[in-house]
Structures are given as C-alpha cells and as structure tokens.
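1. here is a sequence together with a model predicted from it:
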Amino acid sequence: MHLASVSLIVPDYDAAIAFYCDRMGFALVADIDQGHKRWVEVRPPGGGASLVLACADGPLQESAIGAQGAGRVWLFLQTDDFARDHARLTAAGVTFEEKPRVEAYGIVSVFRDVFGNRWDLIERR
C-alpha cells in the first residue's frame, strides 16, 4: 500500500487550480464535473501523493479552509534542489514565512499557500 491522495479543502476549485498548477507547478491530473461538485486532483511535479481539491460545502467545511493542520505545518513538499525550487516558488509569488534554515534532517523553509495552509519546502539530507 501507499498513500495516493490527500483531500484539501479549498474555497474555489478554479482559484486552487490556478495556485497549485500555475504558481506551484503541479500537474492537473483530473477535473471531472460531477454535477453538484467536481473531482479535481493535482500532483507535484516530481510525483508522489496527489491533492484532491475539495470545495467547501457549508460553514463547517468553510471554517476548515487553511486550518486543516490546526496552525501547524502539515504538508511537506520535498525537493532534490532546495535553492532552485525556493527561488522558483518565490518568483511565482509564494510567500515564505522564514529564511531557509539548516536542520539535522535537511534544508527547510515554511511557506503558506494562498488559503493559509502551512507547508515545508524541504531538501532532506
């Protein structure tokens, strides 16, 4: 078994596709109209688990937008070239919360997506 996908609650499908695909470089894997909702799936350029973008439906789900990790970093984007990808994401308008730092496990910096989710960009040792 392997982790195939993680659901991410977003306010709008098209805004999420624009951010993850246009700014982050993710591939649009699926965008299927299901009548009352869409199945929208994006995957990072290097592969791995995809994000299923789930449009919030109602106040409870809307309150979870950007808060699925309860304020913690909960999404981890691994790279084989931190400097390259940090520069590319910064140029694309991604906002990093801190300067890159070296930890025992690798080089890392926290950023937020446009919905408030906290991510690590990490190059492991």
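-> Structure's in. What do you need?

2. do you have the strands of the protein handy? List them.
-> Taking DSSP state E as the test, the strands found in the chain are 5-10, 27-33, 38-43, 50-55, 73-78, 95-96, 101-103, 106-112, 118-124.

3. out of the ones you listed, which gets nearest to residue 64?
-> Closest to residue 64 of the strands of the chain, according to CB to CB: strand 5-10, at 5.0 Å. Yep, even glycine has a C-beta here, placed from its N, CA and C like the rest.

4. how does the chain divide up, domain by domain?
-> Per the record, the chain has its domains at 1-65, 72-125, by automatic domain parsing.

5. export those domains to a markdown table and tack on mean pLDDT and mean neighbour count?
-> What follows is the domains of the chain, written out as a markdown table (pLDDT from 0 to 100; neighbours: other CB atoms under 10 Å):
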| stretch | mean pLDDT | mean neighbour count |
| --- | --- | --- |
| domain 1-65 | 97 | 14 |
| domain 72-125 | 97 | 15 |
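
6. rewinding a little: closest to residue 63 out of the strands of the chain?
-> Nearest to residue 63, of all the strands of the chain, is strand 5-10, at 9.4 Å by CB to CB.
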